[in-house]
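Engineer: Got a sequence here, can you model it:
(2 chains)
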Amino acid sequence: MKITESEVRYVADLAHLKLTEEEIRRFTGELGEVLAYMDKLNELDTEGVEPMAQVLFEAEETATLRDDVERESLGAEAALANAPLAGAGYFKVPRVIER
Amino acid sequence: MASRADALAPPEVMARYEAVIGLEVHVQLATRTKIFCGCPTSFGAPPNTNVCPVCLGLPGALPVMNRRAVEMAVQAALALNCRVNPVSRMARKNYFYPDLPKGYQISQYELPLAEHGWVEYELEGAARRVGIRRVHLEDDAGKSLHEGFRDSERYTYVDLNRCGTPLIEIVTEPDIRSSEEAYQFLTELKQIMQYLEVSSCDMEKGHLRCDANISVRLRGASEFGTKTEVKNLNSFRFLRMALDYEIARQVAVLEDGGRIEQETRLYDVASGTTVGMRTKEHAHDYRYFPEPDLLPLRVSDAWRERLRAAMPELPAAKRARFRSEFGLRDYDVEVLTASRELAEYFERAAAASGDPVEASKWVQGELLGALKAAGKDLAVSPVAPEQLGELVAMVRQGHLSGKMAKEVFAKMFATGEPARVIVEREGLRQISDAGELERVVDEVLAANPKQLEQYRAGKATVLGFFVGQVMKATRGQANPQAVQELLRRKLASPAS
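Structural biologist: Numbers count the residues shown, from 1 in each chain, chains lettered A, B, ... in the order given. The predicted structure is shown next:
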């Protein structure tokens, strides 16, 4: 096995996901297969190949920069429209202290 | 508050230990708009008004990097003597918190914008150096308000206006050895950022935020001790107090035979202590990965050099030049270079005056005094630097006495008129002309034969009386030194 059930529980917890025992068993298997496939890819000799984070073009300077110019914002009403709870112009969430 | 730290470990115990401190400083860049969208970064707007799909993290919204933010970050990195990487990469730092709507911060991880720099600052007259490990770009989170609402017991209020504001994070090497060094370093860093105008560094507004990694070890030890991270050092005063407290706390734990827990602690302003934060074990597993929505950040040599060429003279260079070029004392240099604006004001005044040392006195004394009394900023000073320089020159050339000049300055400050205009209108010109003064002196001597006799009889103090009479006759406009000299000469010669 490439991944254990406890690792799946840990990752799920980091992602704030609540999984049933059945799901944990299923994902342990499925994630294991994905990771096994990564091993297969790792068989490729990538010596001297630069790691790539983007498949878009190469240029000396990033061409996709924007000028520091204001654009209209949404405004509070629209911003809060989908909030489950709002008040006094703020989003409201259950009290949090820890970070 | 020093007593807080003293109570933990007595000075003779503290003396056996050495602190090892590294700082992480967040500086808010002074762009007009956010780092990945066109929302304004203005402070104090009504909550959740400066927001859009990008900074709200709405599904499908895509970030585009603000060119100005990159430029400011590159200039900051160059000013900190860093090597700017030609290619750097944005990365997602994943964590959950209500003021982070995307569920991740867009930061930099493996490939930061710049690395391997240093800052030099002065400590008790000697140059000290702090290594800069890295400078990277990232976006800020929103603001959580935990208090101040009627249902704050149950709810946290979230304002996302600040969300997406551009920041640079500056990470130092663990080169700092005391709270005083940390204070001086941060002061220098702040001054550099302000000179560059990449940030106003207003700590009250959160433009400059500082966390510290602290450990202690016995003096002479080469291994580092276990470190704690102290957060919430959001004023220069708190920085010093929090570091002193944490250093003493760690020494006290070790002296008791205890062990330092590696943890995050929060500086509590009310108690003047640091308090361990209850954090989940894996709260720091951020699962960084390259940001797929942004291209790698490429800074060409040409672009970098253009940005370097556009940088102003930095504080350290300016201080050195003020010393060598103008012959100013360290203290005066310190005051005059505190801000780029003041340094520039002084230089213009000095050039117009032809006497930098005198100009320095006037800027620090009369000008700063009057501005402070009036509650005004230098930017809106009613007296332009050239006008102040002209006034100083008039004193130097003997057209005005120091006392008259102060009166003229007060009028300049009140009206904004140049000295020349005030002096002419009010007939305030100082009389230094020998012929003119001689005429008045002769009149005064002739009008006071009794006193003249007393002086001749050996009563030297009568000289003061004659000076006073001449000043009176000229309505204070006579040059007192010239008058004294003239009187001495006249009285020394035999009566005519």
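
Engineer: Could you use CA atoms for every contact and neighbour count after this?
Structural biologist: OK.

Engineer: Can you tell me what sits against stretch B:377-395?
Structural biologist: With C-alpha atoms under 8 Å, 6 or more residues apart in numbering or on different chains as the test, stretch B:377-395 has contacts from B:341-342, B:345-346, B:348-355, B:358-359, B:362, B:371, B:400-402, B:405, B:409, B:412-420.

Engineer: Buried residues, that stretch. List them.
Structural biologist: B:378, B:381-395 (16 or more other C-alpha atoms under 10 Å in any protein chain shown).

Engineer: and what of stretch B:355-375?
Structural biologist: Those would be B:355-356, B:358-360, B:362-364, B:366-368, B:370-371, for stretch B:355-375 by 16+ other C-alpha under 10 Å.

Engineer: which helices and strands sit right next to the helix ranked longest in chain A?
Structural biologist: Scanning chain A for the helix with the most residues, using DSSP state H, yields helix A:21-41. Counting contacts by 3 or more C-alpha pairs under 8 Å, 6 or more residues apart in numbering or on different chains; DSSP states H and E, helix A:21-41 packs against helix A:5-14.

Engineer: Next, the buried residues of the helix it packs on.
Structural biologist: In helix A:5-14, counting by 16+ other C-alpha under 10 Å, buried: A:E5, A:V8, A:R9, A:L14.

Engineer: if I look at B:G365, how far off is chain A?
Structural biologist: As judged by C-alpha to the nearest C-alpha, to the nearest Å, B:G365 and chain A stand 40 Å apart.

Engineer: Could you do B:E407 as well?
Structural biologist: Distance of B:E407 to chain A, given as C-alpha to the nearest C-alpha: 47 Å.

Engineer: doesn't that residue fall inside a strand?
Structural biologist: No. Counting by DSSP: H, G, I helix; E, B strand; the rest coil, B:E407 is not found in a strand; it is helix.

Engineer: What is the neighbour count of it?
Structural biologist: B:E407 has 13 neighbouring residues, counting by other C-alpha atoms under 10 Å in any protein chain shown.

Engineer: repeat for the one 4 residues further on
Structural biologist: By other C-alpha under 10 Å, 17 other residues sit near B:K411.

Engineer: so is it in a helix, a strand, or just coil?
Structural biologist: Assignment for B:K411 (three-state DSSP): helix.

Engineer: Let me see the confidence value for it.
Structural biologist: Confidence at B:K411, expressed as pLDDT, is 87.

Engineer: which residues sit in contact with the nearest residue to B:V70 once chain neighbours are set aside?
Structural biologist: Spatially, and ignoring its direct neighbours in sequence, B:V70 is nearest to B:L137 (7.8 Å; C-alpha to C-alpha, 6 or more residues apart in numbering or on different chains). Contact partners of B:L137, counting by C-alpha under 8 Å, 6+ apart, are B:V70, B:A73, B:S107, B:Q108, B:P112, B:L113, B:P166, B:L167, B:I168, B:E169.

Engineer: how close does B:L137 get to B:V171?
Structural biologist: Remark: distance between B:L137 and B:V171 (C-alpha to C-alpha, to the nearest Å) = 12 Å.

Engineer: Closest to B:P292 out of the buried residues of stretch B:377-395?
Structural biologist: Ranked by distance to B:P292 (C-alpha to C-alpha), the buried residues of stretch B:377-395 are led by B:L378 at 46.5 Å.

Engineer: Flag every residue of the stretch 101-250 of chain B that's near chain A.
Structural biologist: B:H146, B:S152, B:E153, B:R154, B:Y155, B:T156, B:Y157, B:V158, B:D159 (C-alpha under 8 Å from any C-alpha of the partner chain).

Engineer: residues in contact with B:P312?
Structural biologist: By C-alpha under 8 Å, 6+ apart, the contact set of B:P312 is B:Y195, B:L196.

Engineer: hmm, try it at 6 Å
Structural biologist: Contacts for B:P312 (C-alpha atoms under 6 Å, 6 or more residues apart in numbering or on different chains) come out as none.

Engineer: hang on, it in a strand?
Structural biologist: No. Using three-state DSSP, the assignment for B:P312 is coil, not a strand.

Engineer: and the gap between it and B:H284?
Structural biologist: Distance, B:P312 to B:H284, using C-alpha to C-alpha: 39 Å.

Engineer: what does B:E305 give?
Structural biologist: From B:E305 to B:H284 the distance is 37 Å (C-alpha to C-alpha).

Engineer: what about the residue lying closest to B:S235 once chain neighbours are set aside, how many neighbours?
Structural biologist: Closest residue to B:S235 apart from its sequence neighbours, by C-alpha to C-alpha, 6+ apart: B:M203 at 6.1 Å. When neighbours are defined as other C-alpha under 10 Å, B:M203 has 16 of them.

Engineer: show me where pLDDT drops low in the stretch 151-300 of chain B?
Structural biologist: Residues of the stretch 151-300 of chain B meeting the criterion pLDDT under 70: B:278-283.

Engineer: now do 80
Structural biologist: B:232, B:278-284 (pLDDT under 80).

Engineer: secondary structure class for B:S144?
Structural biologist: Assigned with three-state DSSP, B:S144 falls in the strand class.

Engineer: what's near enough to touch it?
Structural biologist: Shown in contact with B:S144 (C-alpha under 6 Å, 6+ apart): B:Y157, B:V158.

Engineer: beta partners of it?
Structural biologist: B:V158 (DSSP bridges).

Engineer: avg pLDDT for the longest helix of chain A?
Structural biologist: On average, helix A:21-41 scores 94.

Engineer: what's downstream of that helix, the next helix or strand?
Structural biologist: The C-terminal neighbour of helix A:21-41 among helices and strands, as given by DSSP states H and E, is strand A:65-66.

Engineer: is chain B contacted by that next one?
Structural biologist: Yes. Judged by C-alpha under 6 Å from any C-alpha of the partner chain, strand A:65-66 comes into contact with chain B at A:L65, A:R66.

Engineer: For B:G327, give me the pLDDT.
Structural biologist: Confidence at B:G327, expressed as pLDDT, is 90.

Engineer: That one - how many residues pack around it?
Structural biologist: Neighbours of B:G327 under the rule other C-alpha under 10 Å: 12.

Engineer: repeat for the one 3 residues further on
Structural biologist: With neighbours defined by other C-alpha under 10 Å, the count for B:D330 comes to 14.

Engineer: The residue found closest to it once you drop the neighbours it is linked to in the chain: neighbouring residues, count only.
Structural biologist: Ranked by C-alpha to C-alpha, 6+ apart and with sequence neighbours excluded, the top spatial neighbour of B:D330 is B:R323, at 7.3 Å. By the criterion of other C-alpha under 10 Å, B:R323 has 14 neighbours.

Engineer: what pLDDT does B:R323 get?
Structural biologist: 92.

Engineer: For it, give its distance to chain A.
Structural biologist: Between B:R323 and chain A the distance is 39 Å, computed by C-alpha to the nearest C-alpha.

Engineer: where's that residue relative to B:A317, distance?
Structural biologist: 10 Å.
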